[in-house]
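[1] Sequence and predicted structure are below.
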Amino acid sequence: MGGYGTFADIGVELSGRVGIVELRRPPNNFFDRALIAQIGEAFEALDRDDACRALVLCAEGKNFCSGADFSANGQAARETQSSGAGSSNLYKQAIRLFRVRKPVVGAIQGAAVGGGLGLALVPDFRVTCPEGRFVANFTTLGTHPGFGLTVTLPRLVGQQRAEMMFYTGERVTGDKAVAMGLADLLVPLADVRSAAIDLAARMATNAPLAVVATRATMRRGLADAIEAATDHEFVEQEWLFKTDDFKEGVRAMGARATPDFRGR
């Protein structure tokens, strides 16, 4: 499509000066290494195209991204059984998303959960709705935050609020997300994508070299910090994936039950 390649799980198009990348694994848009690699390839292609001046990351279906699929048949379950090697590879793909030069706007409808919250924090700005849900559910599952969230989340909401989200796994609604700086615009559900495209288009009307230069200054060192964070996050996740608590967290999630964690 538009010379950007053909992808199994995403759509890519150029609308005016705005590149649009859409996740197409509804309703939950669970991710794995393959999906993040496709987004990375699309981002890099749009980043190279002078006709594109800003990007929008969006998703079809009920939720923006429910993170990794830890159900019995999910890709994440298979990857964790192989010593978490998939997570390490996934994070290396994720760093590609943080290294693009052009501004990115996220259209966050429904839920952004776990690693899906990490993906939602790749964009510079987020448009959401009252139905939006932002959830760092790692400790409720028995694992450690990933996808660079230990850097990106406190950068947006502050250390104290980030720790609260990590330690409690609270669900942050769209209106609360805007109030605390986790998202930037609150619009009706039906308007989330169009509002995100409009915001990106406003950026795309400005001098492109100046926008890229200013963004590089404002985000100086961020991608490197996120890369270092994901290296550490992976190490912590790798041993936690092998614990009984993680198995219990996955079981309880699948059964929609309260987990009985034993600290082992």
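    That came in fine, so what should we check first?

[2] For Thr150, see how far away Tyr91 is.
    Here Tyr91 is placed at a distance of 12 Å from Thr150 (Cβ to Cβ, to the nearest Å). No exception for glycine: its C-beta is placed from N, CA and C like everyone else's.

[3] How about the contacts made by the closest residue to Asp124 other than its chain neighbours?
    Of all residues not flanking Asp124 in the chain, Pro103 sits nearest, at 5.0 Å (Cβ to Cβ, 6 or more residues apart in numbering). When the contact criterion is Cβ atoms under 8 Å, 6 or more residues apart in numbering, the partners of Pro103 are 54-55, 124-125, 200, 203, 211, 215.

[4] at 10 Å instead, please
    Pro103 makes contact with 53-56, 123-125, 199-200, 203-204, 206, 211-212, 214-215, 218-219, according to Cβ atoms under 10 Å, 6 or more residues apart in numbering.

[5] How about Gly16?
    With Cβ under 10 Å, 6+ apart, Gly16 has these contacts: 51-54, 197, 200-201, 204-205.

[6] what does Leu186 give?
    Counted by Cβ under 10 Å, 6+ apart, Leu186 has contacts 127-130, 132, 173-179, 192, 195.

[7] Neighbour-wise, which one of those residues leads?
    Greatest neighbour count in the contacts of Leu186, by other Cβ atoms under 10 Å, goes to Thr128: 32 neighbours.

[8] Does that one touch Gln109 like I think?
    Yes - at 7.3 Å, Thr128 counts as touching Gln109 under the criterion of Cβ atoms under 10 Å.

[9] so what sits against both of the two?
    Common neighbours of Thr128 and Gln109 (Cβ under 10 Å, 6+ apart) are 64, 174, 189, 192, 196.

[10] still on that earlier bit, using CSV, please lay out the contacts of Leu186 together with secondary structure.
    Converted to CSV, the contacts of Leu186 look like this (DSSP: H, G, I helix; E, B strand; the rest coil):
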residue, secondary structure
Val127, strand
Thr128, strand
Cys129, coil
Pro130, coil
Gly132, coil
Thr173, strand
Gly174, helix
Asp175, helix
Lys176, helix
Ala177, helix
Val178, helix
Ala179, helix
Val192, helix
Ala195, helix
